[in-house]
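# Here is the input, now give the coordinates:
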Amino acid sequence: MPPDPSLVARLSQAGQEHLLRWWNDLDDRSRDRLAAEVETIDLAEVDALFRQLVKEDSAPSAGRVGPVEVDRLPRTDGERVARRHVAAVGEKALAAGEVAVVIVAGGSGTRLGFDGPKGTYPIAPVSAASLFQIHAEKVVALSRRHGRMIPLYIMTSPENYGVTARFFEEHGNFGLAHVRFFVQGQMPAVDRESGKILLAEKGRVALSPDGHGGTLYALASPGKSPVGSCLEEMRELGVRTLFYFQVDNPMVKIADPAFLGLHRQADAEMSFKVIEKMAPDEKLGVVVRVDGKPQVIEYSDLPAELAELREPDGGLQLWAGSIAVHALERSFVERLVRGDSRLPFHRAIKKVAFVDDNGEVARPDTPNAVKFERFIFDALPMAERFALVETDRTVEFEPLKNATGPDSPATVRQRMSDRFADWLEAAGAKVERRSDGSVPFGIEISPLYALDAAELKAKLPPGLVVEGPLHLK
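Now for the predicted structure:
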């Protein structure tokens with residue numbers, strides 16, 4: 001059966017008729033899938049993006065870039081008291097049911113040598129609880145503490161949607177009262193020289209996730225749900241503020257009341273948590289001002305002469321590293337996804353397998369393709385008001401990315417154990433430590449047992465001595 005003439009005409013007009021080159025080799029099911037994938041692609045947009053982004057974006061000159069104001073970590077008793085007071089504002093928002101939690105979880109565990117969605121990776125130091133379980137139990141514990149259901153929204157990729165949903169179902173949704181999964185959008189990969197859309201198989205377009213900025217548009221899409229989009233549901237639930245983070249960081253303080261309070265206090269539309277960069281070349285986007293407006297510059301786009309600028313005391317001038325933890329007002333997200341000020345796309349030059357002229361799948365040794373991605377931090381310049389809040393990396397940032405070395409299971413479990421040891425010692429326990437201050441065994445405290453050191457202190461029996469693995473649950 002020949003392809004639909006309108007499909008042929010549409011592709012021919014866009015110069016992408018090669019996508020149907022292997023049509024006669026396909027069965028009916030593969031033909032239907034290919035036609036459906038092509039229908040989802042805005043061919044004119046793809047062509048325009050290739051033309052616009054074929055050259056490297058020019059980095060801003062030094063004279064245009066400067067530091068941005070940040071709420072620094074409290075360093076005095078007065079500042080700590082003020083931070084506790086502002087936390088009461090966040091607690092009030094949680095108790096009023098005005099906060100939802102959004103987890104970006106479309107990634108797989110490939111770099112970890114793990115076959116499955118990254119959120120299912122067993123990371124807890126003693127129990128081997130998954131990233132998903134740790135995050136979900138924090139949401140359950142927060143809901144209990146504040147007496148209101150906190151809804152959880154999890155963005156998956158099209159590939160891991162089913163696996164993720166089944167994982168939660170098999171674990172009774174980890175006790176969550178409300179969890180909803182939604183699917184990230186995709187964009188086609190194109191040949192970096194010609195702009196031709198690549199085929200991953202004869203009957204399948206080479207599609208890839210549209211970046212973490214695509215979260216906002218996915219929240220606005222009803223997808224296959226009969227009850228409307230996530231944003232529509234949030235509006236019905238009375239949610240005003242979204243707490244956003246990425247699944248690979250088990251240390252994050254979900255819906256941190258102090259952060260929410262500073263966000264509300266500033267009447268901000270978007271807020272960031274940031275950490276102080278350890279070195280000029282640390283792989284963190286940096287929050288700065290460009291021509292007076294707040295903006296994030298990716299580490300790969302930050303010229304060395306800017307990254308290395310120092311203050312008189314020797315500290316980095318551009319130090320505010322973004323850790324992908326945000327608060328966003330629902331009304332702001334709605335304005336972005338419905339208005340003209342849409343998040344821009346960026347290009348990423350990657351190695352992408354593709355069907356070659358012989359109909360075989362070629363796996364290139366060098367980058368051959370352009371992927372198009374949106375970044376959520378590009379929403380910052382569009383916010384009328386914002387807040388940047390410093391957090392301590394030892395407390396809240398240890399992402400799981402690599403199989404070995406930095407940001408690996410070993411470093412994440414060690415950081416978690418050390419942090420829980422801090423809680424125990426603050427509560428009066430004695431914990432065995434190595435000479436460098438780290439603990440030589442796993443320590444784990446379930447969020448359902450204690451969300452923080454203060455809650456732990458109220459539950460911990462006196463005189464506890466920890467000399468081996470410990471799991472409080």
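# Can you show me the strands along the stretch 201-350 of the chain?
For the stretch 201-350 of the chain, the strands defined by DSSP state E, counting those that start in this stretch cover 204-205, 207-209, 241-246, 270-276, 286-290, 293-297, 320-329, 345-350.
# quick one: the longest one to strand 270-276, angle?
Going back to what we said before, that points to strand 320-329. If you take axes from the mean of the first three to the mean of the last three C-alpha atoms, to 10 degrees, strand 320-329 sits at 160 degrees to strand 270-276.
# Mind giving me the packing neighbours of strand 320-329?
With contacts taken as 3 or more C-beta pairs under 8 Å, 6 or more residues apart in numbering; DSSP states H and E, strand 320-329 sits against strand 241-246, helix 257-265, strand 270-276, strand 286-290, strand 386-390, helix 393-396. For the C-beta atoms, the positions are set from N, CA and C on the backbone; glycine is no exception.
# okay if I get those as CSV plus distance to residue 345?
CSV is the format used below for these (distance: least, C-beta to C-beta, whole Å):
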stretch, distance to residue 345
strand 241-246, 20
helix 257-265, 27
strand 270-276, 19
strand 286-290, 19
strand 386-390, 22
helix 393-396, 30
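# still on that earlier bit, out of the strands of the stretch 201-350 of the chain, flag the one nearest residue 144.
Residue 144 lies closest to strand 241-246 among these, at 17.0 Å (C-beta to C-beta).
# which other residues reach the closest one?
Under the criterion C-beta atoms under 8 Å, 6 or more residues apart in numbering, residues 93, 98-105, 212, 215, 234, 252, 254-256, 260, 263-264, 324-330, 333, 376, 399 lie in contact with strand 241-246.
# follow-up on the earlier one: for residue 143, find the nearest of the strands of the stretch 201-350 of the chain.
strand 241-246 (13.0 Å).
# pLDDT averaged over that closest one, what's the number?
Mean per-residue pLDDT for strand 241-246: 98.
# Direction included, what does it pair against?
According to DSSP bridges, strand 241-246 forms sheet pairs with strand 99-104 (parallel), strand 320-329 (antiparallel).
# quick one: the helices in this protein?
Ranges of helices in the chain, per DSSP state H, are 5-14, 28-39, 43-53, 77-95, 131-146, 161-170, 214-220, 230-237, 257-265, 304-307, 330-338, 393-396, 409-426, 453-459.
# Any chance of a markdown table for those, columns distance to residue 191 and mean neighbour count?
Shown next, in a markdown table, are the helices of the chain (distance: least, C-beta to C-beta, whole Å; neighbours: other C-beta atoms under 10 Å):
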| stretch | distance to residue 191 | mean neighbour count |
| --- | --- | --- |
| helix 5-14 | 14 | 13 |
| helix 28-39 | 17 | 15 |
| helix 43-53 | 9 | 15 |
| helix 77-95 | 48 | 15 |
| helix 131-146 | 35 | 22 |
| helix 161-170 | 28 | 15 |
| helix 214-220 | 22 | 23 |
| helix 230-237 | 35 | 18 |
| helix 257-265 | 43 | 23 |
| helix 304-307 | 31 | 14 |
| helix 330-338 | 30 | 18 |
| helix 393-396 | 40 | 16 |
| helix 409-426 | 37 | 19 |
| helix 453-459 | 54 | 14 |
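# now those as JSON lines including distance to residue 366?
Below are the helices of the chain laid out as JSON lines (distance: least, C-beta to C-beta, whole Å):
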{"stretch": "helix 5-14", "distance to residue 366": "27"}
{"stretch": "helix 28-39", "distance to residue 366": "26"}
{"stretch": "helix 43-53", "distance to residue 366": "19"}
{"stretch": "helix 77-95", "distance to residue 366": "48"}
{"stretch": "helix 131-146", "distance to residue 366": "33"}
{"stretch": "helix 161-170", "distance to residue 366": "32"}
{"stretch": "helix 214-220", "distance to residue 366": "27"}
{"stretch": "helix 230-237", "distance to residue 366": "39"}
{"stretch": "helix 257-265", "distance to residue 366": "42"}
{"stretch": "helix 304-307", "distance to residue 366": "25"}
{"stretch": "helix 330-338", "distance to residue 366": "36"}
{"stretch": "helix 393-396", "distance to residue 366": "35"}
{"stretch": "helix 409-426", "distance to residue 366": "30"}
{"stretch": "helix 453-459", "distance to residue 366": "50"}
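# so which of the strands of the stretch 201-350 of the chain comes closest to residue 162?
strand 207-209 (16.3 Å).
# Report all helices and strands that the closest one contacts.
Checking 3+ C-beta pairs under 8 Å, 6+ apart, strand 207-209 ends up next to strand 186-188.
# Show me the domain layout of the protein.
Using automatic domain parsing, the domain parsing of the chain gives 5-53, 62-404, 408-473.
# what about the longest one, start to end distance?
With C-alpha to C-alpha, to the nearest Å as the measure, the first residue of domain 62-404 is 36 Å from its last.
# And for the shortest one?
Using C-alpha to C-alpha, one end of domain 5-53 lies 31 Å from the other.
# which residues does residue 271 contact?
For residue 271, counting by C-beta under 8 Å, 6+ apart, the contacting residues are 259, 262, 263, 326, 327, 328, 386, 387, 388, 389.
# so which of those is the most crowded?
Of all these, the most densely surrounded is residue 263 (29 neighbours; neighbours counted as other C-beta atoms under 10 Å).
# That one contacts residue 332, correct?
No: using C-beta atoms under 8 Å, residue 263 is not in contact with residue 332, being 11.2 Å away.
# buried stuff in stretch 178-185?
179, 180, 181, 182, 183, 184, 185 (16 or more other C-beta atoms under 10 Å).
# wait, stretch 345-360
So for stretch 345-360, counting by 16+ other C-beta under 10 Å, buried means 345, 346, 347, 348, 352, 353, 354, 355.
# And the furthest pair within those residues?
Checking those with C-beta to C-beta, the most distant pair is 346 and 355, at 25.9 Å.
# Could I get the strands of the stretch 201-350 of the chain in TSV, plus columns for distance to residue 46?
Formatted as TSV, these follow (distance: least, C-beta to C-beta, whole Å):
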stretch	distance to residue 46
strand 204-205	11
strand 207-209	11
strand 241-246	27
strand 270-276	28
strand 286-290	28
strand 293-297	25
strand 320-329	27
strand 345-350	10
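# quick one on the thing from earlier: tell me which of the buried residues of stretch 345-360 is nearest to residue 196?
Of these, the one sitting nearest to residue 196 (C-beta to C-beta) turns out to be residue 354, at 9.5 Å.
# partners of the closest one in the sheet?
residue 362.
# pretty sure it contacts residue 206?
Yes: the pair residue 354 / residue 206 is scored as a contact, 6.0 Å apart, by C-beta under 8 Å.
# Give the intersection of the neighbour lists for these two.
In contact with both residue 354 and residue 206: 189, 198, 199, 200, 369, using C-beta under 8 Å, 6+ apart.
# And residue 351, how far from residue 157?
19 Å (C-beta to C-beta, to the nearest Å).
# what's the answer for residue 168, then?
For residue 168 relative to residue 157 (C-beta to C-beta), the value is 15 Å.
# now swap in residue 376 and tell me
From residue 376 to residue 157 the distance is 16 Å (C-beta to C-beta).
# What is the nearest of the buried residues of stretch 178-185 to residue 468?
Closest to residue 468, out of all of the buried residues of stretch 178-185 and judged by C-beta to C-beta, is residue 179, at 35.0 Å.
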